[in-house]
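Enquirer: sequence unavailable; structure follows:
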Ligand SMILES: NC(=O)c1ccc[n+]([C@@H]2O[C@H](COP(=O)([O-])OP(=O)(O)OC[C@H]3O[C@@H](n4cnc5c(N)ncnc54)[C@H](OP(=O)(O)O)[C@@H]3O)[C@@H](O)[C@H]2O)c1
């Protein structure tokens, strides 16, 4: 712990939901780990769009004040009763566990994954939530086959750059939607074969052009409300729409009847929470992800790094579509 032992430490908390200004850098007490828990001294946190949904009140946060943040990397400095397979000094990371924006925290040991020395702290902090999301989308939600045409939204974003690289490795023809020419260049450098400037261009029209009228086998849509119809209209018969995020707001209720004339389409609204809900599921994805990152097949682009205390500015940049790749909050 920065200030040693079981004492005061710092965290980003909210006392009410709202804009980035509700994020406060405050003293907290961490305490000793309970049964099945460990205490972590954290060195970096990943910033994720879900942090914006929780901060703004779109997703429920529970009791206030609440420490936000879902993923981080750190070193175990105390073990609770009954913890097996971890020792003081182990370097670990985790996704999807509220309370990450802190110098130190308590956490259930079964949420943690050991990180090899070849992966540095910034990469480890950025890769778990976004990388495991890319993993389940490509291997479980719609298992991509070589030769598939697929559509990836926010292709130059945190999840997007990982999705594009991984889909490319699987042999897919990757079409990426991006918000600017600079983002298009970055997406293409990360495995995207074609880019659509979706602020100006008609998505289904461009998809039909690129796929010789066929449409895509899967659309991985993190934008939500603004792109739902474009995604449906870009699919080939039996195509899968994985609507997995709400950057533009939640998708409006819709009549499933519309899926029939468009080609017997499938729509799913997946979440990483389900895909790592057992230790076995978590490790299955994490082992594959860590191998791909450690082996150099997938590069995690940490393109913004800010001190955790400046978390509000990092949220502002993310919501303003100013970021590319991942943002890491350092401690
Ligand atoms: N369901 C799950 O399991 C799961 C897990 C992880 C992440 N996600 C979702 O995946 C998405 C990506 O997350 P991330 O953390 O990697 O963020 P990100 O993609 O790095 O950032 C969001 C990007 O969305 C695009 N965007 C389009 N319309 C937007 C709008 N109205 N407001 C803000 N951004 C807009 C922007 O890219 P352009 O400028 O290129 O449009 C922006 O850079 C988020 O929607 C997140 O909720 C879902």
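Expert: Yep, it's here. From a predicted model like this one, the values you see are computed outputs, not experimental measurements. Residues are numbered from 1 along each chain as shown.
Enquirer: how close does residue 322 get to residue 157?
Expert: Using C-beta to C-beta, to the nearest Å, one gets 11 Å for the distance from residue 322 to residue 157. Bear in mind the C-beta positions are built from the backbone N, C-alpha and C, glycine included.
Enquirer: the more surrounded of these two?
Expert: residue 157 (30 against 10; other C-beta atoms under 10 Å).
Enquirer: residue contacts, residue 101?
Expert: By C-beta atoms under 8 Å, 6 or more residues apart in numbering, the residues touching residue 101 are 11, 12, 13, 45, 51, 67, 68, 69, 308, 311, 329.
Enquirer: please report phi then psi for the closest residue to the third one other than its chain neighbours.
Expert: Meaning residue 13. In space, residue 13 comes closest to residue 65 once its chain neighbours are excluded; the distance is 4.4 Å by C-beta to C-beta, 6 or more residues apart in numbering. Torsion angles at residue 65 (phi, psi; degrees, to the nearest 10) stand at phi -70, psi 150.
Enquirer: for residue 65, give me its contacts.
Expert: Taking C-beta under 8 Å, 6+ apart as the criterion, residue 65 is in contact with 13, 14, 15, 26.
Enquirer: and the spatially most central residue of the chain, how close does it get to residue 48?
Expert: Nearest to the geometric centre of the chain sits residue 130, at 2.9 Å (C-alpha atoms, centre = their mean). The gap separating residue 130 from residue 48 is 7 Å, by C-beta to C-beta.
Enquirer: burial of residue 36, as a residue count?
Expert: 15.
Enquirer: what separates it from residue 236, distance-wise?
Expert: Using C-beta to C-beta, residue 36 is found at 47 Å from residue 236.
Enquirer: how distant is whatever helix or strand residue 209 lives in from the center of its chain?
Expert: In the assignment (DSSP states H and E), residue 209 maps to helix 203-210. Helix 203-210 sits 27 Å away from the centroid of its parent chain (C-alpha atoms, centre = their mean, to the nearest Å).
Enquirer: distance of the residue lying farthest from the centre of the chain from the ligand?
Expert: For the chain, the largest distance from the centre (C-alpha atoms, centre = their mean) belongs to residue 261, which lies 33.0 Å off. Look at residue 261 and the ligand: by C-beta to the nearest ligand atom, to the nearest Å, they are 28 Å apart.
Enquirer: mind listing the strands for the stretch 101-250 of the chain?
Expert: 104-108, 113-114, 149-152, 173-178, 194-197, 216-221, 235-243 (DSSP state E, counting those that start in this stretch).
Enquirer: TSV for those, including distance to the ligand, mean neighbour count and mean pLDDT?
Expert: As requested, the strands of the stretch 101-250 of the chain are exported to TSV (distance: least, C-beta to the nearest ligand atom, whole Å; neighbours: other C-beta atoms under 10 Å; pLDDT from 0 to 100):
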stretch	distance to the ligand	mean neighbour count	mean pLDDT
strand 104-108	19	21	98
strand 113-114	17	17	98
strand 149-152	10	28	99
strand 173-178	4	27	98
strand 194-197	9	21	98
strand 216-221	9	28	99
strand 235-243	9	20	98
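Enquirer: now for residue 182, how many residues are close by?
Expert: Residue 182 is surrounded by 11 other residues when neighbours are defined as other C-beta under 10 Å.
Enquirer: so who does it touch?
Expert: Counted by C-beta under 8 Å, 6+ apart, residue 182 has contacts residue 324.
Enquirer: all helices of the stretch 51-200 of the chain, in order?
Expert: Assigned helices in the stretch 51-200 of the chain, in chain order: 121-136, 158-169, 181-189 (criterion: DSSP state H, counting those that start in this stretch).
Enquirer: which among these is found nearest to the ligand?
Expert: Between the ligand and the helices of the stretch 51-200 of the chain, the shortest gap by C-beta to the nearest ligand atom is with helix 158-169, which sits at 2.8 Å.
Enquirer: just checking, what packs against that closest one?
Expert: Here helix 158-169 touches helix 121-136, strand 149-152, strand 173-178, helix 181-189, strand 326-330, going by 3 or more C-beta pairs under 8 Å, 6 or more residues apart in numbering; DSSP states H and E.
Enquirer: mind listing what's buried in it?
Expert: 158, 159, 160, 161, 162, 163, 164, 165, 166, 167, 168 (16 or more other C-beta atoms under 10 Å).
Enquirer: adding pLDDT, write these out as CSV.
Expert: As requested, the buried residues of helix 158-169 are arranged in CSV below (pLDDT from 0 to 100):
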residue, pLDDT
158, 98
159, 98
160, 98
161, 98
162, 98
163, 98
164, 98
165, 98
166, 98
167, 98
168, 98
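Enquirer: no further queries at this time; thank you.
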